[in-house]
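**Q** Provided below for reference: sequence and predicted model.
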Amino acid sequence: MTRSHALGTEDVCLGYGDRHVVDHLSVQVPPGKVSVIVGANACGKSTLLRGMARLLSPSGGTVVLDGESIHSMPTKKVATLLGLLPQHPVAPEGIKVSDLVGRGRYPHQGWFRSWTAADDQAVTDALTVTDTHELADRPVDELSGGQRQRVWIAMALAQQTDLLLLDEPTTYLDVSHQVEVLDLLTDLNRRAGTTIVIVLHDLNLACRYADHLVAMKDGRIVCEGAPGDVVTEDVVEQVFGMSSRVVPDPVSRTPMVVPIGRHHSRHTDRSEVLADGA
Amino acid sequence: MAVLDHTPLGLVAAPTSTSAVVGGRRRRQARVVSVTASLLAVLFALFCVALSLGDMRIPILDVVRTLVGAGDPASDFIVRELRLPRAVLAVLTGAAFGLSGIVFQTLVRNPLASPDIIGISFGASAAAVIGIIVLGLGGAAVSLLSFGGALVTALAIYLLSWKNGVTGYRLVLVGIGVGAMLSSVVSYVITRAEITSAAEALVWLTGSLNAASWSAVGVLAVCLLFLVPATLVLGRYLRQLGLGDDAAQALGVPIERARLALMLVGVALAAVATAAAGPVAFVAFVAGPIAKRLVGHVGLALVPAMVVGAVMMLGSDLVAQHALPSTQLPVGVVTGIVGAPYLIWLLVTTNRVGRGG
């Protein structure tokens, strides 16, 4: 498996109709790493991800995959290199887990090439990795949110791409399942070398799981780099418009952002906080 | 890492046996095959009964004998020339309606999106009624006109509901609106008509196989010879589009082109069937959901939906012809009685369970 696939944008502008969301943005995805894109709602992070996965045509600039404009490459060829798990995929009514995962094999199949043993192997591997093998014959409709998300990741894995893009894969999951999904993606990156790009809205989980953090505001990049280098109280203020304290995460030693609302002071002393409240 | 790398994913320490995945897939395929075979058996039985019943009843065995070319000249004539065209036309139109319906419903991800609900059939009706009453046409000319009416209406619905692509609810609502407009055109033209041509138009509007002939069968068969394989091949796109536009596109499906091609074959299937038998109500609408339930929601169920459509059409025509001793009803009356309750049920339950989005 080669791990040298390079994905990036050059001065790209993306939007919907007349609405410009991403504005002359250039970014390089570090190969073999986990990159996380964060930002406030409507900052253009999902739009950037959809643009990088050639789901949106740029109104300016290019998305470049291995030195070639992604929009000039055959879409099915791109699909063998780059996978995307969208924010709201649809499970057809009544579909069974292994059949859904099997649909990830589409780019590897031709008009007249039927299902092969390699497809069965890929589906089995994807189910095993995501720990959904036991669910193979269950209807997707009946699964819990966490199980369903693992099944969707399995579908993306069955596509067997070196690049995997995920749009808010932890939305609607409770915190234990959020950690579980992100652990799974980290496993995939560490053991198989898959380059992963995730859009997340939880800044602390982003700091913990990202090798490379990209913070966006108003369609532009505010800063990017290792979370420990770039996440400061100023950056949080700039990106989220919120004052905060940044302290080391007691578990991972990565930056942990503690928000400060209007009702709590900046003091760390508990008695003072209580006194202020009274 | 290299040690772990002996599977494509590189994550599985030892390759897991594929037997569970293979087994599940084979079981589900086996069910699709056995359901389809059973439906075909039912269809064949109905087919023989349809050829046997009539003013002169011919025993089933003689029917089979005639079909394989070993019957006596009298039953040969009755079966092959008088009854066979009607039965074959019922099967072909039913299959075309069934396939058209499931293509639309799957494509739009909405069970209401079948061509008889979203106004495509009304386009065929309006054109045909204008042909019969205003232009005084009949036979093949009316069929051709209704075919054109269906295509033009579908195009209008598609363009009116286009907004950065076509989505389910907009297509259904625009379709129902266009259908309402066209049905008022139909009513207006009929109220202005002579009583005899109005009666002729009404029979056409209800959907009837009375005009069945070998030439009508031939035209339809040739069309289906192209349309059915094309639809089955395009099923590859249809399957992926069921995952939502983003997921389908990410997997390498050219979604707008795929959708346009699928709509074209779906409209063409509905149009050729309507041209041959009139806008027979609800066959396109219910065949798909029945087929999907029978096969246990495996795959697209395109072929089972065709057979269910054919069974519905042939069975309904049998009832329409022979249920009442003194009169023959148009087949659309019977399919309407069967289909309407399902529509009501669907409308009542759709919002409650969040279906139809």
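**A** Here it is on my side, so go on.
**Q** secondary structure element for residue 146?
**A** Picking chain A for this. Under the criterion of DSSP states H and E, A:G146 resides in helix A:145-158.
**Q** to clarify, I was referring to chain B.
**A** B:S146 belongs to helix B:140-160 when assigned by DSSP H and E.
**Q** returning to that earlier point: near chain B at all, the helix holding A:G146?
**A** Yes - using C-beta under 8 Å from any C-beta of the partner chain, a contact is recorded between helix A:145-158 and chain B, made by A:L157. Bear in mind the C-beta positions are built from the backbone N, C-alpha and C, glycine included.
**Q** can you give me how far that helix is from the chain middle?
**A** The chain centre lies 13 Å from the centre of helix A:145-158; the measure is C-alpha atoms, centre = their mean, to the nearest Å.
**Q** restricting to C-alpha, output the helix or strand following it in CSV.
**A** Sequence-wise, the next helix or strand downstream of helix A:145-158 (DSSP H and E) is strand A:163-167. C-alpha atoms of strand A:163-167 as CSV (Å, rounded to 0.1, in the frame of the first residue of the first chain):
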residue,chain,number,x,y,z
LEU,A,163,-7.2,9.0,2.1
LEU,A,164,-10.3,9.1,4.3
LEU,A,165,-12.3,12.3,4.9
LEU,A,166,-15.0,12.4,7.5
ASP,A,167,-17.6,15.1,8.1
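**Q** related to what we said a few turns ago, tell me which other helices or strands the helix holding B:S146 touches.
**A** helix B:120-129, helix B:168-191, helix B:214-241, helix B:255-277 (3 or more C-beta pairs under 8 Å, 6 or more residues apart in numbering or on different chains; DSSP states H and E).
**Q** neighbours around the residue nearest to B:G288 when sequence neighbours are not counted, how many?
**A** Closest residue to B:G288 apart from its sequence neighbours, by C-beta to C-beta, 6 or more residues apart in numbering or on different chains: B:I102 at 3.3 Å. B:I102 is flanked by 31 other residues according to other C-beta atoms under 10 Å in any protein chain shown.
**Q** run through the neighbouring helices and strands of whichever strand or helix holds B:I102.
**A** According to DSSP H and E, B:I102 maps onto helix B:84-108. Contacts defined by 3+ C-beta pairs under 8 Å, 6+ apart place helix B:84-108 against helix B:19-52, helix B:168-191, helix B:214-241, helix B:255-277, helix B:283-295, helix B:302-322.
**Q** who's in contact with whatever residue of the stretch 251-357 of chain B ends up closest to chain A?
**A** For the stretch 251-357 of chain B, the residue closest to chain A is B:H297, as judged by C-beta to the nearest C-beta, at 2.6 Å. By C-beta atoms under 8 Å, 6 or more residues apart in numbering or on different chains, the contact list for B:H297 reads A:P92, A:E93, A:G94, A:I95, A:P139.
**Q** can you pull the pLDDT of A:S271?
**A** At A:S271, the model reports a pLDDT of 49.
**Q** just to revisit the earlier point, could you pull out the buried residues of the helix holding A:G146?
**A** A:146-158 (16 or more other C-beta atoms under 10 Å in any protein chain shown).
**Q** lowest pLDDT pick from these?
**A** pLDDT across the buried residues of helix A:145-158 is lowest for A:G146, at 87.
**Q** returning to that earlier point: as TSV, the helices and strands packed on helix B:84-108 with mean neighbour count and distance to A:L7 would be great.
**A** Below are the helices and strands packed on helix B:84-108 laid out as TSV (neighbours: other C-beta atoms under 10 Å in any protein chain shown; distance: least, C-beta to C-beta, whole Å):
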stretch	mean neighbour count	distance to A:L7
helix B:19-52	17	31
helix B:168-191	17	32
helix B:214-241	18	23
helix B:255-277	23	21
helix B:283-295	26	39
helix B:302-322	26	37
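**Q** out of the ones you listed, which comes closest to B:A154?
**A** Ranking the helices and strands packed on helix B:84-108 by proximity to B:A154 (C-beta to C-beta) places helix B:255-277 first, at 4.1 Å.
**Q** what residue in chain A comes nearest to chain B?
**A** When scored by C-beta to the nearest C-beta, chain A has A:G94 as its residue closest to chain B, at 2.6 Å.
**Q** just checking, that residue touches A:L100?
**A** No - the criterion here is C-beta atoms under 8 Å, and A:G94 misses it with A:L100 at 10.6 Å.
**Q** more neighbours: these two, which one.
**A** Under the criterion of other C-beta under 10 Å, the comparison of A:G94 against A:L100 puts A:L100 first, with 23 against 16.
**Q** re earlier: which residues are contacting the helix holding B:S146?
**A** The contact list for helix B:140-160, computed with C-beta under 8 Å, 6+ apart, reads B:115, B:118-128, B:130-132, B:137, B:166, B:171, B:174-175, B:178, B:182, B:204, B:215-216, B:219, B:263, B:267-268, B:270-272, B:274-276, B:278.
**Q** with stretch A:145-157 instead?
**A** Residues external to stretch A:145-157 that are found in contact with it (C-beta under 8 Å, 6+ apart): A:83-85, A:89, A:91, A:97, A:100-101, A:103-104, A:125-127, A:129-132, A:135, A:140, A:143, A:164, A:166, A:169-170, A:172-174, A:176-177, A:180-181, A:184-185, A:188, B:9.
**Q** and stretch A:66-80, by the same measure?
**A** Residues outside stretch A:66-80 that contact it (C-beta under 8 Å, 6+ apart): A:4-6, A:52, A:54, A:57-58, A:62-65, A:81-82, A:106-108, A:159-161, B:249-254.
**Q** can you report how many residues neighbour A:V247?
**A** 11.
**Q** quick check: mean pLDDT of stretch B:318-337?
**A** Rounded mean pLDDT across stretch B:318-337 is 85.
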